[in-house]
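Engineer: Provided below are the primary sequence and the corresponding predicted coordinates.
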Amino acid sequence: MKDSSALRTPHKDFENIKKIDENGIEYWEAREFMPLLGYVKWSNFDAIVIEKAKIACKNSRQRIENHFTDIGKMIKIAVGTARETTRVVKDYKLSRYACYLIAQNGDPSKNAIARAQTYFAIQTRRQEIFQQLDKSGQRLFLRGEVKTHNKELNATAYGVGVKNFGKFNNAGYLGLYGMSKGSVQLKKKIGKDDVLDRAGATELAANLFRITQTDEKLKREKVKGEGKATFTHIVVGQKVRKSIKDIGGTMPEDLLPEPHIKELERLQRKQLKSHKRKIS
């Protein structure tokens, strides 16, 4: 119950707890941020979610201490009793980028996490972050963005009457790749792997643009009905494809497949375990 009601107005909630330091830099405190993500126990939030976010930060070649600053916070314990006192507890001063990474590494089954991911994906200066990442970091970042916005597109499509999502999503491939999803898999020789799980940063970026622009067009033009929505998806994909061609880019179906995205995720988990052993 608590989780489902969390973050109904994410912009207001996150902005309400935002602070500004003496240098005019915005930040959030981890213990205030935690409940907005649907977490109750600090030990779990710190040891699992924040540690994962730190690894992701390191992998993007950023200094962890620049985004996760250790600070202490005074809290009252045994309030209202004869034993009431105060003690210092661990906390972090988080940059906006740190908040974004925490949201990306939270429990995806929590509604609050999904909302936070969307909020910080929009609010964080995406291009600035993207330019700071290495090749693997770019893929992980963009794959996460594609997943988030594809969920939003499917929700919008459902709202306008789409029932056959296989056909609707394939329309995006027909437009952008000039062939069906199955044909793309055959051409790239990736078997039954999801095309986007094997896509590099350039290909993911093209798909992200297709997805977000289709979502916006469905909303802006108040498209109704499965047929019109599916046609809209094809048209947007075709326009993205034409833009790639006009600037002399490589067509997405001709881009070489990359190792499965899960391999990068496994590497991150391995690095996280190694990092934990070093600090324990």
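Structural biologist: Looks like it came in fine.

Engineer: low-confidence ranges, the stretch 151-280 of the chain, go.
Structural biologist: Along the stretch 151-280 of the chain, segments meeting pLDDT under 70 span 271-280.

Engineer: and if we set it to 50?
Structural biologist: The stretch 151-280 of the chain contains no residues with pLDDT under 50.

Engineer: how about the helices of it, start to end?
Structural biologist: 165-177, 181-188, 201-220, 226-246, 261-279 (DSSP state H, counting those that start in this stretch).

Engineer: now render those as JSON lines, adding mean neighbour count.
Structural biologist: C-betas here are computed from N, CA, C, even on glycine. Shown next, in JSON lines, are the helices of the stretch 151-280 of the chain (neighbours: other Cβ atoms under 10 Å):
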{"stretch": "helix 165-177", "mean neighbour count": "20"}
{"stretch": "helix 181-188", "mean neighbour count": "16"}
{"stretch": "helix 201-220", "mean neighbour count": "20"}
{"stretch": "helix 226-246", "mean neighbour count": "18"}
{"stretch": "helix 261-279", "mean neighbour count": "13"}
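
Engineer: can I get the ones you listed in a markdown table including distance to Phe45?
Structural biologist: A markdown table is the format used below for these (distance: least, Cβ to Cβ, whole Å):
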| stretch | distance to Phe45 |
| --- | --- |
| helix 165-177 | 34 |
| helix 181-188 | 38 |
| helix 201-220 | 29 |
| helix 226-246 | 39 |
| helix 261-279 | 15 |
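
Engineer: out of those helices, the one nearest His67 is which?
Structural biologist: Closest to His67 of these, according to Cβ to Cβ: helix 261-279, at 15.2 Å.

Engineer: relative to Tyr119, which of the helices of the stretch 151-280 of the chain is closest?
Structural biologist: That would be helix 201-220 among the helices of the stretch 151-280 of the chain, by Cβ to Cβ, at 15.5 Å.

Engineer: what's in contact with the closest one?
Structural biologist: 135, 138-139, 142-143, 145-146, 149-150, 152-153, 156-157, 160, 172, 175-176, 196, 199, 223, 229, 232-233, 236-237, 239-240, 244, 249-250, 252, 255 (Cβ atoms under 8 Å, 6 or more residues apart in numbering).
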